[in-house]
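In: Got a predicted structure here, sequence first:
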Amino acid sequence: MQMGVEEFRQLIPILHPRTRLQDLDALRAWYEAMADVFRLVIPADLLALWLYDEDGVPILVEPEALAEDNLLIPYAKPLVDGPELAQVEDRIRRAGYGSVQLRPIRHGGQDVALILLAAFSPYAHGETTGRLMAVATDAMAPMLARVVSSGRHELHAPVAPRPSLPTVLPAAPAAEAPAHPAEHHASPVREEDPGLAVLGSIADAIGGAGTPRDLMLALSFALQAVLPHDCYELLIPDGDGEHHYRLGLHGHGALWGDPALTWNRATLDPGSLFAGGGSLLIHDAQRAGLPPLPELVTVRGAEVPPRALIGVPLRVVERLAGYILLGSAGPGLYREEDLVLLDRIGAVLAPRVEGMVLAWQYGVLRGQFDLLRHVPGHLAKVAELLATTPFLGEGMLFAAGAGHAPGGALEFCVRTSGEHRVAVVRPGVSTPLADLPHEPIEGSGVAQVMRGELPYLLASQLESGSQVGVLVVPLRTGGEVFGAMAVTSEGLRPFSRSDMALAQQLADLAAPHLDLARRSSGLALPPMPGWKRPTFRTERERGE
């Protein structure tokens with residue numbers, strides 16, 4: 001029967017998206033329908049299908065009799081080894097099949113199934129057969145990938161039935177046997193609904209997570225059974241929507257405190273992806289003509305940008321709280337019904353996300369109110385000390401104490417000569433700036449701040465067995481960055497946005513004095529001309 005490639009694709013039966021690896025009856029029924037389609041256009045005396053479980057072990061779906069032949073089907077780790085496949089094909093040919101097609105079904109960089117098509121005739125399969133097989137495996141890959149993914153995540157262990165309570169009967173007379181002997185039956189055990197199991201896991205994830213990162217890890221695990229994904233992302237916007245924060249990677253500390261977790265519109269623009277505030281469904285990002293997508297938070301497989309993507313905005317009434325995205329490394333995994341399910345899950349998730357953001361905003365505002373009461377007096381005192389103290393290091397020491405700097409210690413890095421070396425000014429050191437040793441900064445975060453690549457830098461490190469946080473802000477005068485101020489804080493207390501604002505104000509106050517010291521240290525002393533005694537010339541010398 002002559003049939004076009006696209007017509008053949010349309011005939012491939014659709015597998016229910018909620019089918020699991022354990023549903024062998026449903027898989028065998030789908031196999032029978034698929035085998036009927038294949039036999040319409042491709043001569044086949046043997047058609048077999050294996051699925052790969054989470055460990056890459058092949059599981060035979062049909063025909064069951066093939067298990068008696070003990071074919072050594074290779075494992076998927078995550079791809080099937082080509083030479084091992086060739087050995088299996090050779091063994092099938094030796095069994096009397098003249099034409100053999102053994103192909104892995106690949107999705108997202110891993111093999112999820114293996115299909116065997118064999119005929120006794122040696123010339124049954126030609127070039128057309130190869131094209132039809134490629135179309136068939138491409139159509140089946142997303143469906144079988146969902147089956148394999150759903151079998152990888154058992155949400156709950158089987159619940160043992162509770163023992164039935166013994167029935168207490170009145171004692172019968174010894175002479176008489178009871179007319180109706182009591183029969184003890186165990187109470188029937190109801191199988192747990194998979195939908196309710198998923199709902200319970202989602203509720204546990206949303207209600208039991210302490211940080212946004214823990215929330216998304218638990219939610220990702222709960223969703224794998226119904227919405228398989230290789231990566232995810234949870235984003236919250238700033239006030240004007242120019243930047244988005246990767247909330248799904250945030251642990252403890254202040255939100256928006258890590259510049260590495262901030263994406264601008266050039267990296268990802270949810271405003272254009274979610275056009276009109278609606279949902280997002282991309283079957284294949286490589287063919288959709290979209291700007292390149294970034295790598296999302298990977299939960300399995302290689303760290304590559306997703307090809308299939310679904311996402312919904314998180315809203316509380318009409319307020320936008322953020323976006324949730326789920327992606328797959330392979331194309332065509334998601335459908336419209338998946339988008340509807342994710343939208344319902346997003347409606348449950350949105351209040352939790354907004355609550356996390358509001359709790360952080362409340363803490364920031366509370367800290368800012370405490371600071372604002374004292375800031376005018378502190379800054380005035382800092383300016384006075386810097387203007388009246390003759391030694392730069394001593395003035396910095398007094399200024400740090402008067403300004404209540406957010407940290408335990410201050411250091412100032414000043415560029416005096418060259419782009420890659422700085423002089424480090426520490427409060428209390430009276431050594432002139434020109435005599436301080438120079439230290440290299442190339443390749444460090446301080447260099448990025450001084451070059452303007454980062455507006456600030458937050459880092460943590462271990463010193464003498466204790467955790468130390470470091471906040472670096474630029475020293476700037478007249479629009480030029482010539483150095484940086486580093487603030488260190490011991491312990492696990494993170495820097496807040498109030499600390500960052502106060503540190504930048506302190507740096508801006510100290511910057512003119514450091515810039516003046518920097519410029520004066522690089523100037524050579526002007527020559528001192530000697531006194532010239534006045535002389536009187538004669539009239540002839542004067543030309544009179």
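Out: That came through, no problem. Remember, it's a predicted structure, so these values are computed and weren't measured experimentally.

In: can we go C-alpha only for contacts and neighbour counts from here?
Out: Fine.

In: Please, where are all the helices along the stretch 201-350 of the chain?
Out: Taking DSSP state H, counting those that start in this stretch as the criterion, the stretch 201-350 of the chain carries its helices at 212-223, 270-273, 336-372.

In: looking at these, which is buried most?
Out: Mean neighbours per residue, mean count of other Cα atoms under 10 Å, is largest over the helices of the stretch 201-350 of the chain for helix 212-223, with a mean of 21.

In: wait, which of the helices of the stretch 201-350 of the chain is closest to Q22?
Out: For the helices of the stretch 201-350 of the chain, the distance to Q22 is smallest for helix 212-223, at 17.7 Å, taking Cα to Cα.

In: so P58 bridges to which residues?
Out: Beta bridges link P58 to Y52 when assigned by DSSP bridges.

In: Now the helix or strand harbouring P142: buried residues?
Out: Using DSSP states H and E, P142 sits in helix 127-151. For helix 127-151, a neighbour-count test (16 or more other Cα atoms under 10 Å) marks 132-133, 135-151 as buried.

In: about what we covered before: can I get the helices of the stretch 201-350 of the chain in CSV with mean pLDDT and distance to R476?
Out: Converted to CSV, these look like this (pLDDT from 0 to 100; distance: least, Cα to Cα, whole Å):
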stretch, mean pLDDT, distance to R476
helix 212-223, 90, 35
helix 270-273, 85, 34
helix 336-372, 82, 23
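
In: gap between P58 and L66?
Out: According to Cα to Cα, to the nearest Å, P58 and L66 sit 13 Å apart.

In: Neighbour count: the two, which is higher?
Out: A direct count of neighbours by other Cα atoms under 10 Å for P58 and L66 places P58 higher, at 20 against 13.

In: these two touch, right, the more buried one and L71?
Out: No - counting by Cα atoms under 8 Å, P58 stays clear of L71, with 10.9 Å between them.

In: For the stretch 251-400 of the chain, just list every one of the strands.
Out: Taking DSSP state E, counting those that start in this stretch as the test, the strands found in the stretch 251-400 of the chain are 262-264, 280-282, 297-298, 308-316, 319-328.

In: tell me what the second one is packed against?
Out: Counting contacts by 3 or more Cα pairs under 8 Å, 6 or more residues apart in numbering; DSSP states H and E, the secondary-structure elements packed against strand 280-282 are strand 308-316, helix 336-372.

In: Out of the ones you listed, the one nearest L410 is which?
Out: Of the helices and strands packed on strand 280-282, nearest to L410 by Cα to Cα is helix 336-372, at 18.9 Å.

In: Wait, Y75 touches I59, no?
Out: No - counting by Cα under 8 Å, I59 is not a contact partner of Y75; they are 10.2 Å apart.

In: joint contacts of these two?
Out: Y52 (Cα atoms under 8 Å, 6 or more residues apart in numbering).

In: what's near enough to touch A507?
Out: The contact partners of A507, by Cα under 8 Å, 6+ apart, come to V473, P474, L475, R476, A484, M485.

In: Just the residues contacting the host helix or strand of the last one, thanks.
Out: If I follow you right, that is M485. Assessed by DSSP H and E, M485 sits inside strand 480-490. For strand 480-490, contacts defined as Cα under 8 Å, 6+ apart pick out 405-415, 422, 446, 449-452, 466-476, 503, 507, 515.

In: Selection in PyMOL covering whichever of the residues you listed are buried, please.
Out: Here is the PyMOL command that selects the buried residues among those (16+ other Cα under 10 Å):
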select buried, resi 405+406+407+409+410+411+412+413+414+415+422+446+449+450+451+468+469+470+471+472+473+474+475+476+503+507+515
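
In: Of all the helices of the stretch 201-350 of the chain, which one is nearest L234?
Out: Closest of those to L234 is helix 212-223, at 7.7 Å (criterion: Cα to Cα).

In: CA atoms only: put that closest one into PDB for me.
Out: C-alpha atoms of helix 212-223 as PDB (Å, rounded to 0.1, in the frame of the first residue of the first chain):
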ATOM      1  CA  PRO A 212      11.800  28.700  47.600                       C
ATOM      2  CA  ARG A 213      14.500  26.200  46.500                       C
ATOM      3  CA  ASP A 214      13.100  23.500  48.700                       C
ATOM      4  CA  LEU A 215       9.600  24.300  47.500                       C
ATOM      5  CA  MET A 216      10.500  23.800  43.800                       C
ATOM      6  CA  LEU A 217      12.600  20.700  44.400                       C
ATOM      7  CA  ALA A 218       9.600  19.100  46.200                       C
ATOM      8  CA  LEU A 219       7.100  20.400  43.700                       C
ATOM      9  CA  SER A 220       9.200  19.100  40.800                       C
ATOM     10  CA  PHE A 221       9.300  15.600  42.200                       C
ATOM     11  CA  ALA A 222       5.600  15.700  42.800                       C
ATOM     12  CA  LEU A 223       4.800  16.800  39.300                       C
END
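
In: what does it rub up against?
Out: Helix 212-223 is contacted by residues 153, 155, 198, 201-202, 205-206, 208-209, 232, 234, 247-251, 353, 356 when judged by Cα under 8 Å, 6+ apart.

In: Now do the contacts for L114.
Out: So L114 contacts L49, W50, L51, L102, R103, P104, I105 (Cα under 8 Å, 6+ apart).

In: Based on its surroundings, how many neighbours for L49?
Out: If we define neighbours as other Cα under 10 Å, then L49 has 21 of them.

In: typed the wrong thing, it's A29
Out: Neighbours of A29 under the rule other Cα under 10 Å: 13.

In: Also E7?
Out: Per other Cα under 10 Å, the neighbour tally for E7 reads 9.

In: Regarding it, what is its secondary structure?
Out: Here E7 is helix, with the state taken from DSSP: H, G, I helix; E, B strand; the rest coil.

In: Equivalent analysis for P43, please.
Out: When classified by three-state DSSP, P43 comes out as coil.

In: ok, now how distant is it from D214?
Out: Separation of P43 from D214 (Cα to Cα): 53 Å.

In: got it, and L314?
Out: Distance, L314 to D214, using Cα to Cα: 18 Å.

In: cool, A225 as well?
Out: Using Cα to Cα, we find A225 at a distance of 19 Å from D214.

In: Cross-check the contact I'm expecting between D284 and P331.
Out: Yes - using Cα under 8 Å, D284 is in contact with P331, at 4.9 Å.

In: what touches both of those two?
Out: Each of R307, A308 lies in contact with both D284 and P331 under the rule Cα under 8 Å, 6+ apart.

In: so what's the residue most central in space within the chain bridging to?
Out: For the chain, the residue nearest the mean C-alpha position is V297 (2.2 Å; Cα atoms, centre = their mean). Beta-bridge partners of V297, counted by DSSP bridges, are Y232.

In: Now that we're looking at it, what pLDDT does it have?
Out: Confidence at V297, expressed as pLDDT, is 90.

In: how much space between A118 and P13?
Out: From A118 to P13 the distance is 21 Å (Cα to Cα).

In: Looking at these two, which one has more neighbours?
Out: Using other Cα under 10 Å as the criterion, A118 and P13 rank with A118 on top: 25 against 17.

In: number of nearby residues for E54?
Out: Neighbourhood size, E54 [other Cα under 10 Å]: 16.

In: Quick check: L433 vs E442, distance?
Out: Distance from L433 to E442, by Cα to Cα: 21 Å.
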